[in-house]
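[1] Sequence first, then the predicted structure, then my questions.
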Amino acid sequence: MVQELGTLTRRGERLRERAAASAYSRRGSLHFSLLLFLFSSGSLWAVRELHVSVWAVLSYLQQQLIVWGAWCLVDRLLPSRSLRFAWASIATLGATCVVLDGLLMRMTSLPLREILPMLLASQDMVEGLREIGLKPLRIAVLLSLLILAALSGGAVRLVLAELLTRTRERSLPVALGVAALAVLVITFVTEQTLARDGDEYLFRGVRMPAYVQLYSTTSRSVILPIAPPPSHDERAKWLADIGPARNPRHVLYVLLESFRADAVHPAVSPTIWKLGEEGRRYDNALAEATYTPLSWSVLFFDESAPDNLFGRHSGRHEYLGSWLLAVMRQAGYQPHLYVSTNLTYAKTRERVLGEHPAGLDFFQAAADQGDDPADKNGNDKIATDRLVKYIKEHRWDATQPQFMMLQLDSTHYTYPFPEGQAVFRPYSESLSLPVAIETQEESRLLRNRYMNAAHYVDKQLGRVIAALKEAGIYDGTAVVLTADHGEGLVPGMQGHAAVMETTRHIPLIFKLPGEATGRTRQLISHRDILPTLAEYLGIDLPAGTTRGRPASAGPTPAILTIAPSGRFGQLTSASHVVDLRLLWKPEALIATPTAAGHGSEHPDSRQWVPLLAEFLGTPATHTQQP
């Protein structure tokens, strides 16, 4: 009897100990949740120049409280230490990713949710990571740190629970926690609903790390239908109707990477500056995207920039290849492409060449001969050497026109140049990863570095033009020079992640023998290059073949430039510059005006919607978004 009573007493003591330990462990979850909340919310300090309201910051903090409050409740219901360890590891990993998101925003001006669509659109995530400076070793270190953070979080959770077993305070009742969480959710949704029509609301997701927006439209949003791109069969029929050029001239097409319009300056790029004086220079030329694969969609395939981003081309390019090259070949030209950059990114090489590249002279320095795809200076020189050699060895005949394209890459981040050839000093040190620009002085140093890289690019082009002159064909050769987009280089923006003056403005020069020369402010974009060149060469393009129009037809009514993710853009016309929040659907675009130039805060939709519809090639009718 005494033995049984002792056994029951010991069982009761164990049950009380377990109950006490469980209660203290739950208090551990509350304290640990508070630590995670402070850690993840502290990521706001990693973001520079938030440009959001106090209400937005409070909404962000509310969201964090909801996440970690929910974590705390789940943790209390888990029955074992091992499950709590795993749950704490997951929570810590999430909090670490929020901080990482804030750091990315600080360095690249883009949150993780904006970077991921670009990496996915590249169709080669490893190559995409290399583009932003994350080489395999760095990726391995980053993953190791994330795993270490997760394991450390689980351990801290258990240690904290053990320390709290020495206290005798009661834990928060579950019912009260659920009620508090419900109140937080209701107030969070209410705040977002009330803030939905404000300008800053639509930008919260790119200004605060890991912020979830419940709405992507406002009462000002409009829905515009978008017709699908032309099918392969339609393009093939158009191609069959194109005849030989009636004014055949040799063509040199120069495509520069991330080359700012203001880099066309006699002190920076004397060769390009002189080319502009010899030809027609367009000072109001705009890119249609501030991201290379999207701009190349326009330049090479004559499709809208979003078609590539959102997969609307339906495999057409695997059959036809570049529409630009197809047109030139059909018109009697022999194309020669000498490319510096690594075109494995976004499968651009396959898309440009198509399934039948026979007869196409194509050379890619970064893959075909270069030792290192990241050696932009070396690859630029190799590509230029190859073109110069071709010019010197080719037997030129006016009846057999040649189309030569040179693509140069040194003005892409990290802006390399031979230090012995530096023109602008002082300049930023050698770069390997994106670094946040904090001050105007840092911006000046980085800009000097960039201009030195632009000067190096200009010297390579100078070698090509010298070879054309030596061959005696320069004066009669049509030259086109442009860039895929510009570059930021200002505090808060060092690359081309956002649409702004220096990223959307591009150099555009046509040196067309016999045509007018001089500078003009005529509004023009990438899509107008092929029609302008075709008109000069006497290549009759069937109606509907191209989205653009020849420069002789006058200024383009409006141009939409989109950011890399496609979620933001600017619509530019002669009278308006409208900032837009964009939401792309398979057959429609939902556009929301957020601001405008020329003193108009919210332009009347009758002013800008018809211009956007014309640019998209859609009916002018639209639907108001509720």
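    Sure, I can see it.
[2] before we move on, what SS does the closest residue to Gln522 other than its chain neighbours have?
    Nearest non-adjacent residue to Gln522, counting by Cβ to Cβ, 6 or more residues apart in numbering: Pro555, 4.8 Å away. All C-beta atoms are positioned from the backbone trio N, CA, C, and that covers glycine. Recorded secondary structure, Pro555: coil (DSSP: H, G, I helix; E, B strand; the rest coil).
[3] Now do the same contact list for Pro555.
    Pro555 makes contact with Gln522, Leu523, Ile524, Ala574, according to Cβ atoms under 8 Å, 6 or more residues apart in numbering.
[4] neighbour-wise, which of these leads?
    Ile524 (26 neighbours; other Cβ atoms under 10 Å).
[5] wait, what's in contact with that one?
    Contacts of Ile524 by Cβ under 8 Å, 6+ apart are Tyr282, Asn284, Ala285, Leu286, Leu508, Ala551, Pro555, Thr556.
[6] Relative to Gln213, which of these is nearest.
    Leu286 (28.2 Å; Cβ to Cβ).
[7] I'd say that closest one and Leu560 touch.
    No. Leu286 is beyond contact range of Leu560, at 9.2 Å (criterion: Cβ atoms under 8 Å).
[8] and which of the contacts of Ile524 is nearest Val99?
    Nearest to Val99 out of the contacts of Ile524 is Leu286 (Cβ to Cβ; 36.3 Å).
[9] For that closest one, what are phi and psi?
    The phi and psi values for Leu286, taken as degrees, to the nearest 10, are phi -120, psi 140.
[10] what bridges to it?
    Leu286 forms beta bridges with His505, Ser525, as assigned by DSSP bridges.
[11] quick one, what contacts Glu303?
    Pro229, Ser297, His313, Trp323, Arg547.
[12] From Glu587, how far off is the first one?
    If I follow you right, that is Pro229. Remark: distance between Pro229 and Glu587 (Cβ to Cβ, to the nearest Å) = 12 Å.
[13] neighbour-wise, which of the two wins?
    Pro229 (21 against 11).
[14] Quickly list the domain ranges of this protein.
    Listed by automatic domain parsing, the domain ranges of the chain are 2-206, 246-563.
[15] what's the closest of those to Ile223?
    That would be domain 246-563 among the domains of the chain, by Cβ to Cβ, at 15.2 Å.
[16] any idea which element Leu582 lies in?
    For Leu582, the host element (DSSP states H and E) is strand 577-584.
[17] tell me what that strand is packed against?
    Counting contacts by 3 or more Cβ pairs under 8 Å, 6 or more residues apart in numbering; DSSP states H and E, strand 577-584 packs against strand 568-573, strand 588-596.
[18] Mean neighbour count and distance to Arg447 added to those, as CSV?
    Formatted as CSV, the helices and strands packed on strand 577-584 follow (neighbours: other Cβ atoms under 10 Å; distance: least, Cβ to Cβ, whole Å):
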stretch, mean neighbour count, distance to Arg447
strand 568-573, 23, 22
strand 588-596, 21, 26
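[19] Throw those into JSON lines and include mean pLDDT and distance to Arg220, thanks.
    Listed next are the helices and strands packed on strand 577-584 as JSON lines, based on pLDDT from 0 to 100; distance: least, Cβ to Cβ, whole Å:
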{"stretch": "strand 568-573", "mean pLDDT": "93", "distance to Arg220": "14"}
{"stretch": "strand 588-596", "mean pLDDT": "82", "distance to Arg220": "6"}
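[20] lowest confidence element among the helices and strands of this protein?
    helix 316-320 (a mean of 51; mean pLDDT, DSSP states H and E).
[21] Show the subsequent helix or strand relative to that helix.
    The first helix or strand that comes after helix 316-320 along the chain, using DSSP H and E, is helix 323-330.
[22] what sits up against that next one?
    For helix 323-330, the external contacting residues (Cβ under 8 Å, 6+ apart) are 235, 239, 242, 251, 299-303, 320, 335, 337, 352, 354, 359-360, 403, 530, 534, 539, 541.
[23] for the stretch 251-400 of the chain, what spans make up the strands?
    Counting by DSSP state E, counting those that start in this stretch, the stretch 251-400 of the chain has strands at residues 251-256, 280-282, 285-286, 334-339, 361-364.
[24] Let me know which of those is tucked in deepest.
    Stretch with highest mean neighbour count among these: strand 285-286 (a mean of 26; mean count of other Cβ atoms under 10 Å).
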